[in-house]
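[1] Just a sequence and a predicted model for now, questions to come.
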Amino acid sequence: MQLKFWREHLRLANTWTIARGSSDVVEVVLVQLEQDGIVGLGEASPIARYAESADSVAAFCRRVEARQLSFSDVVGSMNYLNTLSPGDQAAKCALNLALVDGAARQARQPVYDYFGLGFREQQHITSFSIGIDRPEVVREKVLAAAAYPVLKLKVGVPEERAMLAALREVAPTKPVRVDANEGWRTKEQAMEQIEWLARDGHIQFVEQPMPQTTPPRDLVWLKERSPLPLVADESYHSAPDTAHCAECFHGVNVKLVKTGGLSAGYDALQAARAVGLRTMIGCMIETSVLISAAAHLAELCDYLDVDGNLLTTNDPYAVVTAPQGRLSFQSAQEKHGLRVSRLRGASDLQMTQ
């Protein structure tokens with residue numbers, strides 16, 4: 001097995017702002033594994049919230065002995081990676097995607113069939129995200145997203161009411177998902193904001209209203225009184241978090257870069273479904289590698305928020321598309337694995353092993 005990894009700098013079409021900060025460029029790390037002529041591709045879009053970065057991903061990859069990895073033994077390969085660190089989920093995500101991509105290619109299957117899920121063309125709808133911004137910019141973004149049937153609005157800041165009002169000037173009845181990104185600090189504040197949102201009449205749910213460190217009793221209090229469903233994001237990383245989230249939320253948002261990849265993401269979605277939680281698969285700002293990987297698990301989800309590649313101007317890969325918000329693999333040239341194709345040459349490799 002050979003391992004290569006390199007950085008890509010993704011430029012945002014608009015400054016991306018959530019409750020925790022803003023960015024115009026996002027650095028991701030791409031991973032390539034090659035064994036017996038089969039190539040697997042993976043990606044890490046590390047989350048600063050969890051003290052991970054492109055540098056930490058690169059440092060982890062340098063520690064990996066590629067001979068310990070095999071497309072024929074994804075489970076054993078992940079067990080080896082877990083001996084290197086208890087964390088580094090973003091790096092493990094990239095390597096797991098590459099392992100699963102290679103394993104599915106070896107089996108001559110697309111990833112969704114490798115997991116036994118299948119994929120229904122143009123039946124899975126992704127929301128389109130509107131970041132925190134001035135009301136006039138929010139209006140412009142909503143107009144530009146007219147083709148998408150569902151929006152996701154980032155809140156958790158004092159300007160959130162003006163932002164929703166601006167959105168409704170353009171799209172008065174379009175379904176909207178609201179993401180507070182831990183922005184409301186007390187259960188009373190969260191309750192006040194959720195009651196205000198419920199009066200809108202077209203809000204589907206509220207994502208992560210309070211910090212992950214909030215005492216469970218406060219989250220249970222909020223869940224019992226909330227007029228809108230509550231979805232855990234920062235509070236749900238992997239399958240072992242299921243019991244806590246079943247007590248405190250109505251649903252969970254699974255992100256592959258949080259769970260450590262497709263294998264753990266599959267387990268996290270199945271565990272949540274087993275206890276009656278609604279399931280969503282989400283994303284960060286990512287290339288089509290990670291977005292397409294998430295789309296392969298769409299059959300396990302009630303909701304999809306896989307638009308991170310749509311928010312960039314220089315995605316170097318292509319596969320899954322979202323015309324009118326409906327996911328499709330029909331344009332993919334590759335038939336197996338993640339079905340991802342690179343749009344330009346790989347001469348920009350910066351780091352190899």
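    Okay, I see it.

[2] Strands of this structure, residue ranges please.
    Applying DSSP state E to the chain gives strands spanning 2-18, 21-35, 38-44, 128-130, 151-154, 176-179, 203-207, 230-232, 251-254, 278-281, 303-304, 317-318, 341-342, 351-352.

[3] As JSON lines, those with mean pLDDT and distance to V170 would be great.
    Heads up, the C-betas are built off the backbone N, CA and C, glycines and all. Below are those laid out as JSON lines (pLDDT from 0 to 100; distance: least, Cβ to Cβ, whole Å):
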{"stretch": "strand 2-18", "mean pLDDT": "90", "distance to V170": "16"}
{"stretch": "strand 21-35", "mean pLDDT": "92", "distance to V170": "23"}
{"stretch": "strand 38-44", "mean pLDDT": "98", "distance to V170": "33"}
{"stretch": "strand 128-130", "mean pLDDT": "94", "distance to V170": "10"}
{"stretch": "strand 151-154", "mean pLDDT": "96", "distance to V170": "10"}
{"stretch": "strand 176-179", "mean pLDDT": "97", "distance to V170": "12"}
{"stretch": "strand 203-207", "mean pLDDT": "98", "distance to V170": "16"}
{"stretch": "strand 230-232", "mean pLDDT": "98", "distance to V170": "25"}
{"stretch": "strand 251-254", "mean pLDDT": "98", "distance to V170": "26"}
{"stretch": "strand 278-281", "mean pLDDT": "98", "distance to V170": "24"}
{"stretch": "strand 303-304", "mean pLDDT": "97", "distance to V170": "22"}
{"stretch": "strand 317-318", "mean pLDDT": "90", "distance to V170": "30"}
{"stretch": "strand 341-342", "mean pLDDT": "88", "distance to V170": "35"}
{"stretch": "strand 351-352", "mean pLDDT": "40", "distance to V170": "44"}
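
[4] Which among those strands is found nearest to S70?
    Shortest distance between S70 and those, using Cβ to Cβ, is found for strand 21-35: 6.9 Å.

[5] For P215, see how far away the residue positioned nearest the centre of the chain is.
    Taking Cα atoms, centre = their mean, the centroid of the chain lies closest to C283, which sits 1.7 Å from it. Computed with Cβ to Cβ, to the nearest Å, the distance linking C283 and P215 is 29 Å.
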